[in-house]
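S.K.: Below is the sequence, then the predicted model.
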Amino acid sequence: MIQVLRETHDTPESVAHSLELAGGINRFREPNYRAVWGWNRLAWIGGKFEERDPATGALLREVVELRQEPKYPAVNRWHIEKWLPPETYGSPRAWWAQTVEIEGGRSVPALGPYPARGEYEHCVTLEGPRGEFLQITPTVAEHIARAIEWSRRHPRSAGKRALYDREQLQERNYDAYAYDILDDAVPAFHRQPFVTVR
Amino acid sequence: MPAQANANVIALQLEKVRDKVPLLYERDDILLTMIQQRGDVEKISSRNMRLPLQVNPGGKAGSYNADGGDLGRGSGTAYDVAQVSPIFFRFAIEITKLVEYATNGRERAIENAAKREVANGMKQFRAFLDKLMQTAGNGVLGTINSIASTTFTMAVPSGAALVYVGQTVQVYDTTLTTNRGTCTVTACDPINAQTITVDVVPGGTVATDVIVHDGLSGAQPVSLFGIKYHQNAATTGTWLNLNRATYPVQLQTPRVNAGNAALTPSNVRLAINKVRKSLGINHVAKLIAYMAVEQEHAWENLGITVSQIIKEGGNSDGNDLDLLFSGRKTMSGIPIKSSVNADQTRVDFLDLSHWGRAVLKDIDFYEVNGNTVFPIYGASGGLAASYIFYFDTAFQVWDDSPRTGAFIDTLARPSGY
């Protein structure tokens, strides 16, 4: 029996092109947005790994090393990423100070080397409303990139207000739900007949 | 035969809605009930619930000399037991006779008053318990930064977010040893000024004192074990009756200290990776990112997500998005769950499949011999023109694997908060 351990896909040319048109290019002449397949997207993880027995969860061994592992938990989905400039991650010195872990007398950069050319960060995982797989298309990818760019143009105060409005809407939804539930509990007209009975 | 009392009629109305109370309570929209929906619920007696934990692996691995060498001895897996005992919580609702007289139609008025108070009371009770879920298990709802007359300015992170107007609170000293007294919250501003105004300041109250909820007593009170109790990087103190110092690694939740800086993608990756390193690369699929609205806004400010303004704003782009996709906002691929009650300087990554509730008594009306509504007596000993009913429940929250989560703390709040 052949067991597929890791399924990789390259980004379709048409999708990459659409994203480049929608989001533009960065200072390194690379696209601001890109689509990646989960299994293709690897990132550095450094530190002490605990390897466990899959069946029992028992600790088997501890290893201190730097590995490349899938960056996102949803490995069998398409993801849209946006490029962030290196200054987002602070100075190399700050990066080193924040990310280096000392394990077993060794210094290990927990997130790998400083992203001197910036880094692509997660925007959206393409999934259906119930978490089902959704194939990427140029239209979908372009749509997301445009929505994010649209978001970025709004003042931060509007974003803050929208979040609080959402919380208030949830409160109102609860109130409506509660009254509906309680209305169901108490019959209309207090069990009195509302058609004349002779 | 005595005349029918108003309280008797109210009892009938409450009985009609009685079976709806759990529905109003168990909604998958706050952290407390997410634990109910996604975690375990164990029915327990008044004795402690015991949670066996595998704290250390067994077996001795190594090479050996097959040419007559000694293979050495072995060892077995080490277990210990965490224990949980429930806490009783109540919510008292009092209605005056005037409510009944306020509208025409006697039965209708009573029905509406009872219904409205059940709905409002349940909402407030849920909110109260959800606020306790944000605490460290000692009932502390906030810390006083400064005092001006009867107004306390509260220290961030909690600020004034964990109290509500009309709530009875108590003031304790910072070591949770001295109970300075009780007061009632008359106003609070959890959004901007982070202030709480009370009716009377208990004698001896000073800045650095803390506010705890009503009903606690004695030194080092114990309340609901919230996020900060279970998701904790401390190596001293106790956790579910276990000494943290005995298992400093096993009981410690991975922590990323943001150093009062704004949230960045690297903070998030560091936290998630800590979970992956300790529990396996594929483990993070079950995590949720739980945070205050302020940190959700900080994440939006990074400009790498479709912001709420697009999702809720009625813009055609946003509506199309929701039709095409799940609409879930994520943090590096981890679904976001935000709350106005959560710590404003913290992001918690929770695996709720490891969380549960030990329930001694489900939420219901407090009942004595079949009665759920009780009269109030005036100072003279005669009846007062009001009556009272209670919701009560008894439970405790547990997490059988503190290492399964992670948290980022000491985050800066975005400007404007």
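M.R.: Good, I have the coordinates. Residues are numbered from 1 along each chain as shown, chains lettered A, B, ... in the order given.
S.K.: Based on its surroundings, how many neighbours for residue 11?
M.R.: Assuming you mean chain A. 17 (other Cβ atoms under 10 Å in any protein chain shown). All C-beta spots, glycine's among them, are computed from the backbone N, C-alpha and C.
S.K.: try chain B instead
M.R.: For residue B:11, the number of neighbouring residues by other Cβ under 10 Å comes to 20.
S.K.: Then residue B:300?
M.R.: For residue B:300, the count of nearby residues is 25 (other Cβ under 10 Å).
S.K.: Could you list which residues are in contact with the nearest residue to it once chain neighbours are set aside?
M.R.: Nearest non-adjacent residue to residue B:300, counting by Cβ to Cβ, 6 or more residues apart in numbering or on different chains: residue B:307, 4.5 Å away. For residue B:307, the contacting residues are A:151, A:154, A:159, A:162, B:300, by Cβ atoms under 8 Å, 6 or more residues apart in numbering or on different chains.
S.K.: Is there a neighbour count for the second one? I'd like the number.
M.R.: Spelled out, that is residue A:154. Using other Cβ under 10 Å: residue A:154 sits among 17 other residues.
S.K.: Neighbours of residue B:252, how many?
M.R.: Residue B:252 is flanked by 17 other residues according to other Cβ under 10 Å.
S.K.: Identify the residue nearest it in space, chain neighbours excluded?
M.R.: Residue B:252 sits nearest to residue B:233 (Cβ to Cβ, 6+ apart), 5.4 Å away.
S.K.: Kindly report the same for residue A:139.
M.R.: Residue A:139 sits nearest to residue A:18 (Cβ to Cβ, 6+ apart), 7.4 Å away.
S.K.: Could I get the contacting residues of the one you found?
M.R.: Going by Cβ under 8 Å, 6+ apart, residue A:18 touches A:138-139, A:141-142.
S.K.: same check, this time on residue B:209
M.R.: Residues in contact with residue B:209 (Cβ under 8 Å, 6+ apart) are B:143-144, B:171-174, B:180.
S.K.: again, 7 Å this time
M.R.: With contacts taken as Cβ atoms under 7 Å, 6 or more residues apart in numbering or on different chains, residue B:209 has the following neighbours: B:144, B:171-174, B:180.
S.K.: Next one: it from chain A, what distance?
M.R.: 29 Å (Cβ to the nearest Cβ, to the nearest Å).
S.K.: all helices for the stretch 1-150 of chain B, in order.
M.R.: B:6-17, B:21-25, B:31-38, B:97-101, B:106-132 (DSSP state H, counting those that start in this stretch).
S.K.: As TSV, the ones you listed with distance to residue A:166 and mean pLDDT would be great.
M.R.: Shown next, in TSV, are the helices of the stretch 1-150 of chain B (distance: least, Cβ to Cβ, whole Å; pLDDT from 0 to 100):
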stretch	distance to residue A:166	mean pLDDT
helix B:6-17	29	68
helix B:21-25	21	80
helix B:31-38	17	72
helix B:97-101	33	73
helix B:106-132	17	82
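S.K.: Including distance to chain A, could those helices go into JSON lines?
M.R.: Formatted as JSON lines, the helices of the stretch 1-150 of chain B follow (distance: least, Cβ to the nearest Cβ, whole Å):
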{"stretch": "helix B:6-17", "distance to chain A": "4"}
{"stretch": "helix B:21-25", "distance to chain A": "5"}
{"stretch": "helix B:31-38", "distance to chain A": "11"}
{"stretch": "helix B:97-101", "distance to chain A": "15"}
{"stretch": "helix B:106-132", "distance to chain A": "4"}
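S.K.: which stretch among those helices comes nearest residue A:29?
M.R.: Smallest distance to residue A:29 across the helices of the stretch 1-150 of chain B (Cβ to Cβ): 45.0 Å, for helix B:31-38.
S.K.: Give me the domain ranges for chain A.
M.R.: Annotated domains of chain A cover A:13-153, A:158-191 [automatic domain parsing].
S.K.: so where is chain A shaky, pLDDT-wise?
M.R.: For chain A, the stretches with pLDDT under 70 are A:57, A:185-198.
S.K.: Show me the helices in it, by range?
M.R.: Secondary structure of chain A (DSSP state H): helices at A:13-23, A:92-99, A:138-153, A:156-185.
S.K.: and those helices, which is most packed in?
M.R.: Comparing the helices of chain A by mean neighbour count (mean count of other Cβ atoms under 10 Å in any protein chain shown), helix A:138-153 comes out on top with a mean of 20.
S.K.: Check the offset of that helix from the chain's centre.
M.R.: How far helix A:138-153 lies from its chain's middle: 15 Å, per Cα atoms, centre = their mean, to the nearest Å.
S.K.: Taking helix A:13-23 as reference, get the angle to it.
M.R.: Between helix A:138-153 and helix A:13-23, the angle comes out at 20 degrees (axes from the mean of the first three to the mean of the last three Cα atoms, to 10 degrees).
S.K.: what angle do helix A:138-153 and helix A:156-185 make?
M.R.: Angle, helix A:138-153 to helix A:156-185, by the same axes, to 10 degrees: 110 degrees.
S.K.: Which other helices and strands does helix A:138-153 contact?
M.R.: When contacts are defined as 3 or more Cβ pairs under 7 Å, 6 or more residues apart in numbering or on different chains; DSSP states H and E, helix A:138-153 sits against helix A:13-23, strand A:78-84, strand A:119-125, helix B:308-312, helix B:316-324.
S.K.: measure the residue nearest to residue B:300 to residue A:169 for me?
M.R.: 16 Å (Cβ to Cβ, to the nearest Å).
S.K.: cool, residue B:159 as well?
M.R.: Separation of residue B:159 from residue A:169 (Cβ to Cβ): 23 Å.
S.K.: Same list (the domains of chain A) but as CSV, adding distance to residue B:34.
M.R.: Formatted as CSV, the domains of chain A follow (distance: least, Cβ to Cβ, whole Å):
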stretch, distance to residue B:34
domain A:13-153, 17
domain A:158-191, 14
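S.K.: Pull out the buried residues from the helix or strand harbouring residue B:357.
M.R.: Using DSSP states H and E, residue B:357 maps to strand B:355-365. Within strand B:355-365, the residues scored as buried using 16 or more other Cβ atoms under 10 Å in any protein chain shown are B:355-361, B:363-365.
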